[in-house]
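*Asks:* model this:
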Amino acid sequence: MKLKIPNILTIGRIIIVPIFVITFFLPGMYGDLIPFFLFIAASFTDFLDGLLARILKEESKLGELLDPIADKILVCAALVLLVMNETIKNYEVIAAIIILVREILISSLREFLAKISVAMPVTNLAKFKTFLQMFAISILLTGEFGNKIINFEDYNAQTIGIILLWVSAFLTLYTGYGYLVKGIDHAIAEDNKN
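*Replies:* Numbering: from 1, shown residues only. Take a look at the predicted model:
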């Protein structure tokens, strides 16, 4: 089977994740900057693979399967690491939990809907939510290095990253609720057929 360019990018994003995790534990500035650049590169492939699939007319079932998985692995790994090193701490952890729970819920919902041959297309708001999540995580990954560069009185990189994480968590709840309602409606319709 010959892999299409968009699928190669998606698989590359999955391969980057373990490298991203390992480099997160490097000492000093390297442990901030290398994971940051890896996360940015992986996030960019998320945009690029979809764009190329449409331009080259290379949309595929494999890409449909792997793309959301790659996104979820990347975002979940980054959030767990940021909670572990206390970049995300105290009540801020709630925002991370909201995002993680939504990812699990939507994956399960997609799996269920696939069994009854119902597609659940990604909305533009959900795409924006994903972008905002990745942007917030990118800022948080810069660590102390980011705080030296972005520092406006009461707002440094950490503060801005946490604010954006909360905004993306609220969007996560909103879009997740929409998907859940659609999923429940389809499930009830299936039960009524029987």
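
*Asks:* Below-threshold pLDDT in the chain: ranges please.
*Replies:* 1-2, 145-154, 194 (pLDDT under 70).

*Asks:* quick one, helices of it?
*Replies:* Taking DSSP state H as the criterion, the chain carries its helices at 5-24, 30-55, 61-84, 92-115, 124-141, 143-149, 157-193.

*Asks:* Let me have those helices in TSV, adding mean neighbour count as columns.
*Replies:* C-beta here means a position set from N, CA and C on the backbone, and glycine is covered the same way. Output for the helices of the chain, formatted as TSV (neighbours: other C-beta atoms under 10 Å):
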stretch	mean neighbour count
helix 5-24	18
helix 30-55	18
helix 61-84	18
helix 92-115	16
helix 124-141	20
helix 143-149	15
helix 157-193	16
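
*Asks:* show me what contacts the most centrally placed residue in the chain?
*Replies:* Central residue of the chain (C-alpha atoms, centre = their mean): Val75, 3.9 Å from the mean position. Counting by C-beta atoms under 8 Å, 6 or more residues apart in numbering, Val75 touches 99, 103, 130, 133-134, 137.

*Asks:* From Ala42, how far off is it?
*Replies:* Distance, Val75 to Ala42, by C-beta to C-beta, to the nearest Å: 10 Å.

*Asks:* again, but for Ala126
*Replies:* Per C-beta to C-beta, Ala126 is found 19 Å from Ala42.

*Asks:* wait, Trp166 sits on Ala95?
*Replies:* Yes. Counting by C-beta atoms under 8 Å, Trp166 touches Ala95, with 5.0 Å between them.

*Asks:* Contact partners for the closest residue to Asn85 other than its chain neighbours?
*Replies:* Leaving aside its chain neighbours, Asn85 sits nearest to Phe24 (7.9 Å; criterion: C-beta to C-beta, 6 or more residues apart in numbering). Contact analysis of Phe24 by C-beta under 8 Å, 6+ apart lists 31, 35, 81, 85.

*Asks:* Next, work out how far apart Phe24 and Leu141 are.
*Replies:* 8 Å.
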